[in-house]
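1. Next input, structure requested:
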Amino acid sequence: MNWIIGILIGLLVIAVAMLVVRQLRANRRLFEEKLLAERRSRSHADTIRKQAAEAAEQVRLDAQRVLQRAEEHSAQAAAELEQRRTELENSIASQRDQLREQRAAQERQEARLREREDRLLAEAEGLATRAELLEEQRAELRQRRQQLRTQEGQVDAELERLAGLTVAQAHDEVLARAERQARIEAASLARDIEET
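-> Residues are numbered from 1 along each chain as shown. I've put the predicted structure just below:
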């Protein structure tokens, strides 16, 4: 029985040795897998770090390009604004000059209109005076005509009486004389009117 116990102990030792070997192998596999996983995670972390660094560099370059474009755009916008401001200032100055010229022209025109109005008022006063004078002269002419007719009648009667002429003959003579006298007075009156 000792030998059975020896065999059993041997079997047991072999079984335990096999279990230990198997456990050692399993631990070794786990260790190797863990080591491989660490290597892989390190490699993956390095790749991620490298990709992150590349992405960060790309973002930095993109940011620089955007900033450069923004600065260029800002400079261009500032130049356009300055040009537009200059154009507006020139336009305003031009419009002010035009307004000054228009005001000056308007003032000159108003002065001419005032002068013309004064001239027309003076002419109107002169015409009113001349009209009054003409009216007075017409009244005087009417009065003279009346006097001439009266004188004509007296002269006709006198001529008939003195010369023994017929009424028609005496009438023609008096009319001719009166006509000559009226022409002389009318010419004198016309000269007086032209002088005034």
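
2. What is the neighbour count of Ala104?
-> 10 (other Cβ atoms under 10 Å). From N, CA and C alone the C-beta is placed, and that goes for glycine too.

3. what helix or strand does it sit in?
-> In this structure, Ala104 sits in helix 2-163 according to DSSP states H and E.

4. Can you point out the buried residues in the helix or strand following that helix?
-> Sequence-wise, the next helix or strand downstream of helix 2-163 (DSSP H and E) is helix 167-195. Buried positions in helix 167-195, judged by neighbour count with 16 or more other Cβ atoms under 10 Å: Ala170, His171, Val174, Ala178, Leu189.

5. mind checking which helix or strand of the chain has the lowest mean pLDDT?
-> Least confident helix or strand, the chain: helix 167-195 with a mean of 79, by mean pLDDT, DSSP states H and E.

6. what's that one packed up against?
-> Contacts defined by 3 or more Cβ pairs under 8 Å, 6 or more residues apart in numbering; DSSP states H and E place helix 167-195 against helix 2-163.

7. helices or strands next to the helix it packs on in the packing?
-> Where contact means 3+ Cβ pairs under 8 Å, 6+ apart, helix 2-163 is packed against helix 167-195.

8. what's the angle from the helix it packs on to helix 2-163?
-> 140 degrees (axes from the mean of the first three to the mean of the last three Cα atoms, to 10 degrees).

9. what separates helix 167-195 from the chain centre, distance-wise?
-> Relative to the centre of its chain, helix 167-195 is centred 74 Å away, using Cα atoms, centre = their mean, to the nearest Å.

10. let's number from 23 now, not from 1
-> Understood, numbering begins at 23; the last thing we discussed is helix 189-217.

11. on that earlier part again, tell me the mean pLDDT for the helix holding Ala126?
-> Helix 24-185 carries an average pLDDT of 83.

12. Closest to Leu170 out of the buried residues of helix 189-217?
-> Set against Leu170, the nearest of the buried residues of helix 189-217 by Cβ to Cβ is Ala200 (5.2 Å).

13. ok, that closest one touching Leu170?
-> Yes - between Ala200 and Leu170 there is a contact at 5.2 Å, judged by Cβ atoms under 8 Å.

14. still on that earlier bit, which of the buried residues of helix 189-217 sit farthest apart?
-> Ala192 and Leu211 (27.9 Å).

15. quick one, what contacts Lys201?
-> I think there's a mix-up here, since residue 201 is Glu and not Lys. Residues in contact with Glu201 (Cβ atoms under 8 Å, 6 or more residues apart in numbering): none are found.

16. go on, the one 4 residues further on?
-> Contact partners of Arg205, counting by Cβ under 8 Å, 6+ apart, are absent.

17. just Gln203 next, same as before
-> Contacts of Gln203 by Cβ under 8 Å, 6+ apart are Leu170.

18. Over to Gln124?
-> Gln124 touches nothing, counting by Cβ under 8 Å, 6+ apart.

19. Any idea how many residues pack against Arg47?
-> Neighbours of Arg47 (other Cβ under 10 Å): 10.

20. Right, I'll leave it there.
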